[in-house]
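# generate coordinates for the sequence data below:
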Amino acid sequence: MTGEEVRKMKDDELKQELARVRNDLFDLRSQTVTEKVEDTSKFGKLRKDIARMLGEQRRRAVAR
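As a prediction, the model looks like this:
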């Protein structure tokens, strides 16, 4: 997900997507305990996506 895509989202869409990505990261972490993870680069990608979304939420909150 790019920053441009995050900026185009509405507030409620952003909140839902953030919850989904956090859930995906949790699932990936639990997958490392139970089985082998195919693509370990997903950890960094998901964390960066979360940071982008949190940054955008903060930017919108300050702008109000």
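# what separation do you get for the residue nearest the centre of the chain and residue 13?
Residue closest to the mean C-alpha point of the chain, counted by Cα atoms, centre = their mean, is residue 50 at 3.1 Å. As judged by Cβ to Cβ, to the nearest Å, residue 50 and residue 13 stand 15 Å apart. Where C-beta positions appear, they are placed from N, C-alpha and C, glycine not excepted.
# what's in contact with the biggest helix by length in the chain?
Determined from DSSP state H, the single longest helix within the chain is helix 11-34. Helix 11-34 is contacted from outside by 6, 9, 37, 42-43, 46-47, 49-50, 53-54, 56-57, 60, using Cβ atoms under 8 Å, 6 or more residues apart in numbering.
# just the CA trace of that helix, in PDB.
In PDB, the C-alpha atoms belonging to helix 11-34 read as follows (Å, rounded to 0.1, in the frame of the first residue of the first chain):
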ATOM      1  CA  ASP A  11     -11.700   8.000   7.900                       C
ATOM      2  CA  ASP A  12     -13.800   5.000   8.400                       C
ATOM      3  CA  GLU A  13     -12.100   3.000   5.600                       C
ATOM      4  CA  LEU A  14      -8.800   3.900   7.100                       C
ATOM      5  CA  LYS A  15      -9.800   2.600  10.500                       C
ATOM      6  CA  GLN A  16     -11.100  -0.700   9.000                       C
ATOM      7  CA  GLU A  17      -8.000  -1.200   6.900                       C
ATOM      8  CA  LEU A  18      -5.800  -0.500   9.900                       C
ATOM      9  CA  ALA A  19      -7.700  -3.200  11.900                       C
ATOM     10  CA  ARG A  20      -7.400  -5.700   9.000                       C
ATOM     11  CA  VAL A  21      -3.600  -5.100   8.600                       C
ATOM     12  CA  ARG A  22      -3.000  -5.400  12.300                       C
ATOM     13  CA  ASN A  23      -5.000  -8.700  12.300                       C
ATOM     14  CA  ASP A  24      -2.900  -9.900   9.400                       C
ATOM     15  CA  LEU A  25       0.300  -9.100  11.300                       C
ATOM     16  CA  PHE A  26      -1.000 -11.000  14.300                       C
ATOM     17  CA  ASP A  27      -1.900 -14.000  12.200                       C
ATOM     18  CA  LEU A  28       1.600 -13.900  10.600                       C
ATOM     19  CA  ARG A  29       3.300 -13.800  14.000                       C
ATOM     20  CA  SER A  30       1.200 -16.800  15.300                       C
ATOM     21  CA  GLN A  31       2.000 -18.600  12.000                       C
ATOM     22  CA  THR A  32       5.700 -18.400  12.900                       C
ATOM     23  CA  VAL A  33       5.100 -20.300  16.000                       C
ATOM     24  CA  THR A  34       3.000 -23.100  14.500                       C
END
